[in-house]
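Trainee: model this:
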Amino acid sequence: MTSRERILAVLEHHLPDKIPWMPLATRTFFLSLSDYRKKFHSDKNWRAISRYLIPEELKYRVDTYHKLGADFMDWLPFAYTIRRQKVKEKETRSKDKVRREYQTPLGNLIQEFNVSNLSSGAWCNKLLIKSKGDFKIFEYILKDAVYEINDEDVKKRANVIGKKGVAFWHAPSAPIQHLLIGGELGVEGTILALYDSKSLLEHLMDVMDEKNQKLCKILSGSSGEIFLSGNVIGTGMVSPEIFQRYILPYIKKYAQILHQRDKIVIGHASGEPIKNLLTYINETGIDALHGISLSGDVNVSEMRQAWDGRVVIIGGLDVHFLATAKPEKIESRVKSIIDEVMPEGNFIFGTADDIAYGTPL
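Mentor: The predicted structure is shown next:
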């Protein structure tokens, strides 16, 4: 089997010729390789998961995976473009900061990110929504956007990857998940809004959901095969109650739309605890959960029992362990995981999250 065939076989619940090895390595890791940094480091590519990934950069990553005996996977940029009608969007970079401004007839919103020049890690230090009045402006920005499919780009990138792996294309997550990690409200702002401005927040989520459903219908018409929705699935930021009410119904809805055109839909756990969400994860209808820690709060047998073999397990090694442990300890841990998952299928060996900067090849 080729890498692509192997991964798709597991995601479609068939037995592969061997367990795929599909770690998550984004720009954060690759920038620790001197040759990569020399060729591709620039201010334009400021985020670890970059919307500006050029074909030459993608080919370098694919070839590196292949040399290591790994099956390539990356979260590739959007299979669509956003056309602004009345809103003007400006993005500027100065030293270690990125400033993004949205100019609208109702007023302007600004967010800022601190950026690590070393690893392209970015974190929002100035959230987009700072007051109740900003909700209305953000709603205007959402409604102003028109989504247009970019299938030529999807095909071009698929050709670069070829038989050596697959792409996970971006699809909408539940509105509250986006608000938590997208730099709009953040964790504290979102949780406080649930209590202090619940009606405003729920209205905004309704607007986001309407746009997300339209986007899912557009994406379902693309040639992309696998879509990543539901980022992040875990109890690191939200309680099981919040997940059941504000995340599960949306991911389920988006998965149903994409499934109508036979797309594969996966979620991302980001190494967070998932034990108290096992039943809910099964109800979302996703086909696989990526980024599971197998040294965390749940084991393989618990997941298989809760999911009845329907949800493929993708994960395994914690990235701190992979970056710091001696090779013989890693080998021992890999063997114990393989012993745990065999002889049943529905498993892709990977990492619990993005491989750390400087992890030895």
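Trainee: what are the pairing partners of the lowest-mean-pLDDT helix or strand in the chain, and which direction each?
Mentor: When each helix and strand of the chain is scored by mean pLDDT, DSSP states H and E, strand 72-76 comes last, with a mean of 87. Counting by DSSP bridges, the strands paired with strand 72-76 are strand 165-170 (parallel).
Trainee: next structured bit after the partner strand?
Mentor: helix 175-181 (DSSP states H and E).
Trainee: Run through who's touching that next one.
Mentor: Identification of contacts with helix 175-181 by CB atoms under 8 Å, 6 or more residues apart in numbering yields 172, 184-187, 189-190, 204-205, 208-209, 212, 230-232, 237-238, 242, 246-247, 250. Where you see a C-beta, it was placed from the backbone N, CA and C, and this is true even at glycine.
Trainee: Tell me the buried residues within those residues.
Mentor: 172, 184-186, 189-190, 204-205, 208-209, 212, 230-232, 237-238, 242, 246-247, 250 (16 or more other CB atoms under 10 Å).
Trainee: Mind exporting the C-alpha coordinates of the least confident helix or strand of the chain to CSV?
Mentor: Output in CSV follows, covering the C-alpha atoms of strand 72-76 (Å, rounded to 0.1, in the frame of the first residue of the first chain):
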residue,chain,number,x,y,z
PHE,A,72,2.5,12.5,5.5
MET,A,73,-0.3,14.6,7.0
ASP,A,74,-0.7,18.3,7.5
TRP,A,75,-3.4,20.7,8.3
LEU,A,76,-3.5,22.6,5.0
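Trainee: Pull out the buried positions in the helix or strand just after that strand.
Mentor: Using DSSP H and E, the helix or strand that follows strand 72-76 in sequence is strand 80-84. For strand 80-84, burial by neighbour count (16+ other CB under 10 Å) applies to residue 80.
Trainee: Just checking: what are the partner strands of strand 80-84?
Mentor: Here strand 80-84 is paired, per DSSP bridges, with strand 145-149 (antiparallel).
Trainee: What residues sit buried inside the strand it pairs with?
Mentor: Neighbour counts over strand 145-149 (16+ other CB under 10 Å) mark 147, 149 as buried.
Trainee: Same check on stretch 65-75?
Mentor: By neighbour count on 16+ other CB under 10 Å, the buried set for stretch 65-75 is 65, 66, 70, 71, 72, 73, 74, 75.
Trainee: separation between the fourth one and residue 353?
Mentor: According to CB to CB, to the nearest Å, residue 71 and residue 353 sit 18 Å apart.
Trainee: so how far is stretch 170-179 off the chain centroid?
Mentor: Between the centre of stretch 170-179 and the centre of its chain there are 10 Å (CA atoms, centre = their mean, to the nearest Å).
Trainee: Ends of stretch 106-122, what's the gap?
Mentor: Terminal residues of stretch 106-122 are spaced 28 Å apart (CA to CA, to the nearest Å).
Trainee: quick one on the thing from earlier: among the contacts of helix 175-181, name the ones in strands.
Mentor: 230, 231 (DSSP state E).
Trainee: Now do the helices in the stretch 151-300 of the chain.
Mentor: 151-161, 175-181, 186-196, 198-220, 240-246, 248-259, 278-284, 300-307 (DSSP state H, counting those that start in this stretch).
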